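> sharing a model that was predicted from the sequence below.
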Amino acid sequence: MTTPEGILDFIAELTWDDLPPQVRRQSKLCLLDLIGVGAGGAGTKLSRIIRDYSALDMGGALPMMFDGRGASVSGVALAGGMTIDALDGHDGFNPAKGHAGCGVLPALYGLAQELGDVSGQEFLLCLTLGYELACRTAMAQHASVPDYHTSGAWVAVAVAGLAARLMGLDRAQTAHAMGIAEYHGPRSQMMRCIDHPTMLKDGSGWGAMCGVSAARLAARGFTGAPALTLSTDHWRDLGDTWLICQQYFKPYPVCRWAQAPIAAVLDLQKRHGFDSRAITGLHIVSFHESVRLGTKQVTTTEEAQYSTSFPCALALVHGTVLPEHVAEAALDHPEVQRLSSILTMGEDAAANKAFPNRRMARAEITLAAGDRLQSDWFEPEWDPTDPPSKEDLEAKFFNYAGPVLGQARSQAIHRAVETLGHTASAQPLLDLLAQPIS
């Protein structure tokens with residue numbers, strides 16, 4: 001088992017040469033995907049509120065992502081994490097039931113802006129390190145507590161570790177930083193936001209802010225109790241098994257728990273060729289947590305993203321689910337609302353047992369002519385066992401970023417990410433991310 005001291009050594013001593021080629025490639029795919037989702041999220045009311053708050057109440061000179069206004073490094077991390085989280089299309093880690101990159105990237109972005117001399121390799125290396133620390137901390141935490149906490153709870157610890165590395169803290173200061181972050185991390189109950197979808201989301205922005213703040217406190221001599229999550233056997237293969245390569249990606253910008261039901265209804269529609277208006281009954285069988293995504297008549301994008309019925313209705317009407325479909329201006333589509341209102345859900349014992357490592361669902365659709373159609377069992381697309389291609393993720397990036405940032409800026413970001421491992425500075429990419437959206 002890797003000891004807490006060994007973890008601290010890993011944080012301080014990891015080099016670019018230690019990363020296998022597959023891990024280097026994956027880090028760029030995760031980075032590009034997160035940027036695209038963040039661009040899409042920047043247009044939400046949630047993002048506008050949190051960026052206004054950070055600019056006014058967490059003042060500083062560092063430019064926020066997709067905004068340009070200044071905030072402190074903690075404010076930049078908060079605003080960026082909440083902005084990516086505002087559109088539920090980012091990658092995730094099945095065993096953790098949550099998301100590492102959503103909080104890691106904006107914290108890394110803010111720290112790199114503050115330091116000003118971070119190379120492209122170091123930026124990708126720290127992003128990779130953040131995923132490794134976050135995913136292992138998540139598994140350790142979930143194994144020790146009964147509540148299902150939001151991602152911010154364990155992302156905070158990871159961010160503290162990578163911030164300590166970037167800031168040049170010694171081993172003792174790094175240990176204190178991670179202990180502070182574990183103690184103060186936002187241990188918010190995720191199922192409360194599932195039952196009541198609001199702007200609270202997954203706590204990623206608060207985790208990013210907490211982790212950055214913890215490192216800055218530790219640098220000044222503030223002490224914290226040892227991080228308990230660093231003393232479990234979840235770290236035994238650290239540096240051998242790279243968990244950044246075990247992330248799923250999302251083809252649709254809604255909760256992962258609704259993605260298998262979407263796949264099931266789209267398969268039935270493709271095989272039988274019916275129009276959505278012919279549907280008179282719609283039933284989804286899945287695991288408990290998916291059934292808890294119970295909002296049918298949605299009025300906000302948060303309700304649309306944290307629903308099973310509404311995304312299934314969107315998919316049956318539009319043939320897919322895109323950011324524009326969950327934008328608040330599009331939510332009153334009468335046919336989508338009709339299908340969402342008639343959808344019913346039920347639990348299955350086998351699906352419950354398979355969760356969280358597998359998210360299973362099947363669909364039953366009744367047509368006006370009397371046909372009753374039943375799908376096979378489906379799991380979400382783009383799982384780590386059947387990942388998307390590089391071309392799939394690039395197409396997703398341009399679908400999300402292009403309408404918001406424009407094709408020229410989106411293409412410039414894509415080029416900057418592609419060449420990041422060979423550049424002396426990450427600043428050209430950071431400058432592209434800092435520009436406000438016109």
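That came through, no problem. Numbers count the residues shown, from 1 in each chain.
> which helix runs longest in this structure?
Longest helix in the chain by number of residues, with DSSP state H as the criterion: helix 120-142.
> model confidence over that helix, on average?
When pLDDT is averaged over helix 120-142, the result is 97.
> what is that helix packed up against?
Secondary-structure packing of helix 120-142 (3 or more Cβ pairs under 8 Å, 6 or more residues apart in numbering; DSSP states H and E): helix 21-41, helix 101-115, helix 152-167. All C-beta atoms are positioned from the backbone trio N, CA, C, and that covers glycine.
> out of those helices, which is the most enclosed?
Mean neighbour count (mean count of other Cβ atoms under 10 Å) peaks for helix 152-167 among those, with a mean of 30.
> identify each buried residue in the helix or strand harbouring residue 414, please.
For residue 414, the enclosing helix or strand under DSSP states H and E is helix 407-418. Across helix 407-418, burial judged by 16 or more other Cβ atoms under 10 Å covers 409, 410, 412, 413, 414, 416, 417.
> residues in contact with it?
With contact meaning Cβ atoms under 8 Å, 6 or more residues apart in numbering, helix 407-418 is reached by 28, 31-32, 35, 39, 394, 397-398, 401-402, 405, 428-429, 432-433, 435.
> following that helix, which helix or strand comes up?
Following helix 407-418 in sequence order, the next helix or strand is helix 427-434 (DSSP H and E).
> just the CA coordinates for the lowest-mean-pLDDT helix or strand in the chain, please, in CSV.
Ranked by mean pLDDT, DSSP states H and E, the weakest helix or strand in the chain is helix 190-195, scoring a mean of 86. C-alpha atoms of helix 190-195 as CSV (Å, rounded to 0.1, in the frame of the first residue of the first chain):
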residue,chain,number,x,y,z
MET,A,190,-25.9,14.8,-3.7
MET,A,191,-29.4,13.2,-3.6
ARG,A,192,-30.9,16.4,-2.2
CYS,A,193,-30.0,18.1,-5.5
ILE,A,194,-31.3,15.1,-7.4
ASP,A,195,-34.7,15.4,-5.6
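> which of the helices or strands spans the residue of the chain most remote from its centre?
For the chain, the residue at maximal distance from the C-alpha centroid (Cα atoms, centre = their mean) is residue 369, at 41.6 Å. Following DSSP H and E, there is no helix or strand that holds residue 369.
> wait, what's in contact with it?
So residue 369 contacts residue 278 (Cβ under 8 Å, 6+ apart).
> give me the pLDDT value at it.
Looking at residue 369, the pLDDT reads 95.
> now the residue nearest to residue 367 when sequence neighbours are not counted: how far from residue 313?
In this structure, residue 367 finds its nearest non-sequential neighbour in residue 278, 4.9 Å apart by Cβ to Cβ, 6 or more residues apart in numbering. From residue 278 across to residue 313, the span is 14 Å (Cβ to Cβ, to the nearest Å).
> more crowded one of those two?
Shown here are residue 278 and residue 313; by other Cβ atoms under 10 Å, residue 313 has more neighbours (31 against 14).
> and the more buried one, helix, strand or coil?
Assigned with DSSP: H, G, I helix; E, B strand; the rest coil, residue 313 falls in the helix class.
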